[in-house]
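A.B. asks: Just to be clear, the model below is a prediction. Sequence and coordinates:
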Amino acid sequence: MTAAALTTTDAAARTVTTVRLDDVPELLAALPDDAALSWVRRGEGLVGWGEVARLEVTGPGALARAARWWAEFGAAADIDDPVGVPGSGPVLFASVAFDPEHGTSVFVVPEVVLGRRDGTAWVTTVDGGDPRRALPAGGPTATDDAAPSRLRYADGALDPVRWCSAVATAVRRIRAGELAKVVLARDLLVTSDVPLEPRRLLYRLADRFPDCWTFAVDGLLGATPELLLRRTGRELSARVLAGTAPRGAGADDDRLAAALMGSAKDLAEHALAVDSLVEALQPYCSSLAAPEGPELLTLANVRHLASDVSGVQRRSGARGRAGLLELIGVVHPTAAVGGTPREAAVAVIAELEGMDRGRYAGPVGWVDARGDGEFGLALRCAQVTAEDPCTARLFAGCGIVAESDPGAELAETQAKFAAVQAALEG
């Protein structure tokens, strides 16, 4: 198979202008009602709208082709960027398929990008004249607080009974030695009486999960707690999550937290995820550090075992020159969303899940013309299409190891679905 691509606009020479702002509206409030692009955490990050260039690509070498396309865009552009921080100047928003060789990855250069980082705010326009005039009035609309009149849910590819059967099959294969871990996901369909409003969903996710990255690219939107890879100059960092427990009330919440930190099953699952990332990044780094053990990440609906990994990319050689999109292709899929060994786990996913993940659990984020950027994993998310704005597809997955219990894994998916369900229901 050869790489196939569709560009709705080419990478012709563009004029890119960035100006510093004294005041900036709340990032998510500045977004239009549809076609939103977002990467926001605790009020900082990037949002974008409009579209001056777009690439949809699939097949072997898909990420390499996207990297070349983006490099050509930056080389041809006339860039005026006195701000000079990660995310200023031209930015490429990206949502990569879980399987880039068979799924379609989407890359969008927005007409306007609004950013905020460490007290610095800016706006960038591409061929847009005065950047300050590109800013909308901002602020939520009346519909941002209005929940859909009625939501109806339906099973996706597998109903709960068949999904539990798939988990049981995976556990038998793991115990037989075919693999060590596999991440199995399920989908849930939701239909509304009125069109779903992406901006309202992003608002609610950001409010409920401030420590997550609230993302939106081409109709895939959600709040991910997992940072796949950040690149700032030569510095690399990631937050690995694996091992999950529900929240409880009062003393029960403390008991559940202690049980997660002491769970041999969850600690083993977490170690596999950290090891897979470190093993993939090691050849590209002059130094790389991972903690001896995980910490607890507490969210509104669940807790995760979390480890922050950091490293420094090599100065020279082919691996030292590797760009962020190339590095994303190297590390993805980690054991946190695929399994280990990688090839065996991906094959089991294709056999047992019964669905096309699309861009769920794929890398999502942004990269600028300097090569700096941030990518998370598209988790806790919903896919909404312009063709059917009253319907969304939700996703949730679990890491399956030898000690996994199908019923407990099903409950974990339900807890993860609840993150987006609560935002949809208001």
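C.D. replies: Good, I have the coordinates.

A.B. asks: Show me the shaky parts of the stretch 151-300 of the chain.
C.D. replies: When the per-residue scores of the stretch 151-300 of the chain are filtered using pLDDT under 70, no range remains.

A.B. asks: can you give me the helices for it?
C.D. replies: 160-175, 198-208, 251-261, 264-281 (DSSP state H, counting those that start in this stretch).

A.B. asks: cool, the stretch 301-426 of the chain as well?
C.D. replies: Using DSSP H, counting those that start in this stretch, helices in the stretch 301-426 of the chain cover 317-320, 324-331, 342-352, 406-425.

A.B. asks: most neighbours per residue, which of those helices?
C.D. replies: helix 324-331 (a mean of 22; mean count of other CB atoms under 10 Å). For the C-beta atoms, the positions are set from N, CA and C on the backbone; glycine is no exception.

A.B. asks: Tell me what angle it forms with helix 264-281.
C.D. replies: Orientation of helix 324-331 against helix 264-281 (axes from the mean of the first three to the mean of the last three CA atoms, to 10 degrees) gives an angle of 130 degrees.

A.B. asks: about what we covered before: could you redo the helices of the stretch 301-426 of the chain as JSON lines and give each row distance to residue 243 and mean pLDDT?
C.D. replies: Converted to JSON lines, the helices of the stretch 301-426 of the chain look like this (distance: least, CB to CB, whole Å; pLDDT from 0 to 100):
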{"stretch": "helix 317-320", "distance to residue 243": "30", "mean pLDDT": "78"}
{"stretch": "helix 324-331", "distance to residue 243": "19", "mean pLDDT": "96"}
{"stretch": "helix 342-352", "distance to residue 243": "17", "mean pLDDT": "96"}
{"stretch": "helix 406-425", "distance to residue 243": "10", "mean pLDDT": "92"}
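
A.B. asks: Let me know which of those is the nearest to residue 183.
C.D. replies: Closest to residue 183 of the helices of the stretch 301-426 of the chain is helix 342-352 (CB to CB; 7.1 Å).

A.B. asks: so for stretch 122-135, what's the average pLDDT?
C.D. replies: Stretch 122-135 comes out with an average pLDDT of 76.

A.B. asks: picking that back up, ok, which of the helices of the stretch 301-426 of the chain comes nearest residue 74?
C.D. replies: Once these are compared by CB to CB, helix 324-331 is nearest, at 12.5 Å.

A.B. asks: does residue 236 really touch residue 282, like I thought?
C.D. replies: No. Applying CB atoms under 8 Å as the test, residue 236 and residue 282 come out as separate, 11.2 Å apart.

A.B. asks: Name the residue in those two with the higher neighbour count.
C.D. replies: Each of residue 236 and residue 282 has its neighbours counted (other CB atoms under 10 Å); residue 236 has more, 22 against 10.

A.B. asks: Next one: the more buried one from residue 313, what distance?
C.D. replies: 6 Å (CB to CB, to the nearest Å).

A.B. asks: Please enumerate the shared neighbours of those two.
C.D. replies: Residues touching both residue 236 and residue 313 (CB atoms under 8 Å, 6 or more residues apart in numbering) are 284-285.

A.B. asks: about what we covered before: out of the helices of the stretch 301-426 of the chain, the one nearest residue 38 is which?
C.D. replies: By CB to CB (comparing all of the helices of the stretch 301-426 of the chain), the closest turns out to be helix 406-425, at 13.6 Å.

A.B. asks: by how many degrees do that closest one and helix 160-175 diverge?
C.D. replies: Using the same axes, to 10 degrees, helix 406-425 lies at 130 degrees relative to helix 160-175.

A.B. asks: In CSV, list the C-alpha atoms belonging to helix 406-425.
C.D. replies: Extracted in CSV, the C-alpha atoms of helix 406-425 (Å, rounded to 0.1, in the frame of the first residue of the first chain):
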residue,chain,number,x,y,z
PRO,A,406,-14.0,-9.0,32.7
GLY,A,407,-16.7,-7.5,35.0
ALA,A,408,-14.3,-5.1,36.7
GLU,A,409,-13.0,-4.0,33.3
LEU,A,410,-16.5,-3.4,32.0
ALA,A,411,-17.1,-1.2,35.1
GLU,A,412,-13.9,0.7,34.3
THR,A,413,-15.2,1.5,30.8
GLN,A,414,-18.4,2.7,32.3
ALA,A,415,-16.6,5.1,34.6
LYS,A,416,-14.6,6.4,31.7
PHE,A,417,-17.7,6.9,29.5
ALA,A,418,-19.2,8.9,32.4
ALA,A,419,-16.7,11.7,31.8
VAL,A,420,-18.1,12.6,28.4
GLN,A,421,-21.7,11.6,29.3
ALA,A,422,-21.8,14.1,32.2
ALA,A,423,-20.6,16.9,29.8
LEU,A,424,-23.2,16.0,27.2
GLU,A,425,-26.0,15.8,29.8
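
A.B. asks: and it, what other elements does it pack with?
C.D. replies: In terms of contacts (3 or more CB pairs under 8 Å, 6 or more residues apart in numbering; DSSP states H and E), helix 406-425 is packed against helix 160-175, strand 181-192, helix 198-208, strand 235-246, strand 302-313, strand 381-384, strand 391-400.

A.B. asks: In TSV, list the helices of the stretch 301-426 of the chain along with distance to residue 275.
C.D. replies: Below are the helices of the stretch 301-426 of the chain laid out as TSV (distance: least, CB to CB, whole Å):
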stretch	distance to residue 275
helix 317-320	19
helix 324-331	12
helix 342-352	12
helix 406-425	22
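
A.B. asks: for those helices, which one sits closest to residue 383?
C.D. replies: helix 406-425 (10.5 Å).

A.B. asks: Look at residue 89 and tell me its secondary structure.
C.D. replies: coil (DSSP: H, G, I helix; E, B strand; the rest coil).

A.B. asks: Ok, the one 3 residues further on next?
C.D. replies: Using three-state DSSP, the secondary structure recorded for residue 92 is strand.

A.B. asks: Identify the bridge partners of it.
C.D. replies: Taking DSSP bridges as the rule, residue 92 bridges to residue 367.

A.B. asks: Begin at 17, not 1, for the rest of this chat.
C.D. replies: With 17 as the first residue, the last one maps to residue 108.

A.B. asks: and it, how many neighbours?
C.D. replies: 25.

A.B. asks: Surely it and residue 382 touch.
C.D. replies: Yes. Under the criterion of CB under 8 Å, residue 108 makes contact with residue 382 at 6.4 Å.

A.B. asks: For residue 65, which non-adjacent residue is spatially closest?
C.D. replies: With sequence-adjacent residues excluded and distances taken as CB to CB, 6 or more residues apart in numbering, residue 65 is closest to residue 48, at 5.1 Å.
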